[in-house]
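Here you go, sequence then predicted model.
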Amino acid sequence: MFEIQLPDGFTHMKQVSIHIEYWKGFSYSIELLSIIQNAEGTLFLRKYTNSCDVGANGRPVTSIRDVCFKISGKVHISGINERNWRKFISDNEYQPSVIIENAGGDYVDQKVLDYVKENF
């Protein structure tokens, strides 16, 4: 399982899917879907995307988007999978309920790159 630090008060419940691609050097793309739960017991579908590629000047450009969508309705997490997860998130899937982190810049996430190189 690919581990990503959780925000304070959240617990990891299930990994739904992970897609990792790796190219020479420091270019990679990771998309992870998982279900997390806050301290009040509310379930969220977390969509984490981390990609790194060569910028125009040859330097790495990393983009990270880490967003949570509140899971609506009564559903057991075992029923949520890669193909059907969209139907379980709140009505407006393009307006996430909780934004955990949204960052980018001219750097390589070395921990992620080492993991990808080692495992893929």
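Great, that's in hand.

Show me the beta-bridge partners of the residue nearest to the spatial centre of the chain.
Geometric centre of the chain, nearest residue: Tyr48, 1.3 Å, by Cα atoms, centre = their mean. Assessed by DSSP bridges, Tyr48 has beta-bridge partners Leu32, Asp66.

continuing past the helix-or-strand element of the chain with minimal mean pLDDT, what's the next helix or strand?
Taking mean pLDDT, DSSP states H and E as the measure, the helix or strand of the chain with the lowest value is strand 98-105, at a mean of 57. Next helix or strand after strand 98-105 toward the C-terminus (DSSP states H and E): helix 110-119.

what's in contact with that next one?
When contacts are defined by Cβ atoms under 8 Å, 6 or more residues apart in numbering, helix 110-119 is touched by residues Phe2, Ile20, Tyr22, Phe26, Tyr28, Ile30, Asn50, Cys52. Placement of C-beta: from N, CA and C, glycine included.

what separates Gln15 from Trp85, distance-wise?
Taken as Cβ to Cβ, to the nearest Å, the spacing of Gln15 relative to Trp85 amounts to 12 Å.

Pick out whichever of the two has more residues nearby.
For Gln15 versus Trp85, neighbours defined as other Cβ atoms under 10 Å are more numerous around Trp85 (19 against 14).
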